[in-house]
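I'd like to go over a predicted model; first the sequence, then the structure.
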Amino acid sequence: MLKRIIHIENPCYISTENEQIIVNNKASGEISKIPAEDLGFLVLDNYQITISTNAINKIGSNGGAVITSGSNHHPLMLALPLDGNYLQTERLRKQINASAPQIKNLWQQVVRAKIRNQAMLLKHFGKEEKNLTAKIERVRSGDSTKQEGIAAQYYWKTLFSGTDFRRDPDGDFPNNFLNYGYAIIRAVTARAIVTAGLHPSFGIFHKNKFNAFCLADDLMEPYRPVVDNIVYEYYLENPYQEFLHKEGKKMLINAAFQDVKIGTKTHPVSVAIQMTCASLNDYFTGKVKKIKLPELCL
C-alpha cells in the first residue's frame, strides 16, 4: 500500500480520534483529519507543534513513523514502531547470525546497483558514463577494492562538470538539497526495514556504534541517484539558489513517490524499498541469493 507523507510547517496541535489523526492549526483554527492507516510519515517542521502520545502511538500502531526537524529544518529525529512484524524475533536472529560471506555478497550487490544507477543518470544528462559502467564488474565481494568510493569521485565530478560543486554534507548549495532528499529516503528505508521484521541498527557495511540506522544507510545507497536526479534538474534551472525553501522540501519529499524498476515492473520508491527489505529477509533465511534492488526510470 502506498502511504502518504504529510509535512507540517505551521504551529498546530496534533491529536487522534476514531482512527483519525487530527491536525488543529493554532493560527487559523482549521482542522484537518487524516486516516491513521493512510499515514506513512508525519514530518514535523516547527518548534510550536504539539503532538499527543496517543497520536504518536496511533501512527506507530498503523506502521507509520514520525520525523521531527531541527533548527536547520532538516530531519533530525525518527520515531519508528518497535513491533514491526509478528515474526520479528525469528527474523532478527537470522539477521544477526548472517555469515561474513553473506554480508560481503550483499554489499557487492548493493554497490553494483548504486554504480549502475549513477552511470544511468550520467548517460541521461549526456555525460560520459563508460568509466562508471566499467567499474560495475570490478566490484568484488565486500567491495574489497573500494570501487564505490572511486566511482563516487568520478560521478560527482562528471555530473557537475564545469562547476565548482563538491559533494560535502556541510557544503554549499545544492548540498543542502541533497542532504534533505537523502534524509527522506533514509527514513523511508528505516521504516521499511522495521516493517520487514528486521533491525535498522545492524548494518551490512555501515557499522558506526553511534548510528542507529546502519542498515538503512546501506540499503538506501542504490536509491540515492533518485534524489540526485531531482536535485540536478533543479540545479540546472536554479544555479544560484542558496536556501532550502518550502517548495524545495516538497519537491524532495516527492522523491519517495518517483518510479524505479524492480525487475521488469515499475514501482514508486517507497514501495520498491519495501520490496528490497522483504527480499533481504528472504536472503537471510536462505530463500534467495540476490535481493531486489532498483533501476532508475529516466
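Here it is on my side, so go on. These figures come from a predicted structure and were not determined experimentally. Numbering: from 1, shown residues only.

Now do the same for the residue nearest to the spatial centre of the chain: helix, strand or coil?
Among the residues of the chain, Ile185 comes closest to the average C-alpha position under CA atoms, centre = their mean, at 1.6 Å. Put simply, Ile185 is helix when judged by DSSP: H, G, I helix; E, B strand; the rest coil.

residue contacts, it?
Met220, Tyr223, Arg224, Val226, Val227, Ala255, Ala256, Val269, Ile273 (CB atoms under 8 Å, 6 or more residues apart in numbering). For glycine as for every other residue, the C-beta is placed from the backbone atoms N, C-alpha and C.

ok, and the most crowded of these?
Ile273 (30 neighbours; other CB atoms under 10 Å).

tell me which residues in the helix or strand containing it are buried?
Ile273 is located in helix 269-284, with elements delineated by DSSP states H and E. By 16 or more other CB atoms under 10 Å, the buried positions in helix 269-284 come out as 269-281, 283-284.

ok, now stretch 164-181?
Phe165, Arg167, Phe173, Pro174, Asn175, Asn176, Phe177, Leu178, Asn179, Tyr180, Gly181.

try stretch 208-216
Buried residues in stretch 208-216 (16+ other CB under 10 Å): Phe213, Cys214, Leu215, Ala216.

average pLDDT across that stretch?
Per-residue pLDDT values across stretch 208-216 average out to 80.

now it, how far from the chain's geometric center?
Remark: stretch 208-216 is offset 14 Å from the chain centroid, using CA atoms, centre = their mean, to the nearest Å.

Output it in CSV with nothing but the alpha carbons.
In CSV, the C-alpha atoms belonging to stretch 208-216 read as follows (Å, rounded to 0.1, in the frame of the first residue of the first chain):
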residue,chain,number,x,y,z
ASN,A,208,29.2,3.1,13.4
LYS,A,209,28.2,2.3,17.0
PHE,A,210,26.7,5.8,17.3
ASN,A,211,24.4,5.2,14.2
ALA,A,212,21.0,3.6,14.9
PHE,A,213,20.3,3.3,11.2
CYS,A,214,23.3,1.5,9.7
LEU,A,215,21.2,-0.9,7.7
ALA,A,216,19.1,1.9,6.3
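
contacts for that stretch?
78, 186-187, 189-190, 193, 198-204, 206-207, 217.

at 7 Å instead, please
By CB atoms under 7 Å, 6 or more residues apart in numbering, the residues outside stretch 208-216 that reach it are 186, 189-190, 193, 198, 200-204, 206-207, 217.

Ok, stretch 112-132 next?
133, 135-136, 139, 147-148, 151, 154-155, 158-159, 161, 221-222, 224-225, 228-229, 232, 293-296, 298.

Just those residues: which are in strands?
Glu295, Leu296 (DSSP state E).

among the contacts of stretch 112-132, which ones are buried?
133, 135-136, 139, 147-148, 151, 154-155, 158-159, 221-222, 224-225, 228-229, 232, 293-296.

burial measure for the nearest residue to Gln48 once chain neighbours are set aside, as a count.
Counting by CB to CB, 6 or more residues apart in numbering, Gln48 lies nearest to Pro11, which is 3.6 Å off, once chain neighbours are set aside. Neighbour count for Pro11, taken as other CB under 10 Å: 14.

go on, His245?
12.
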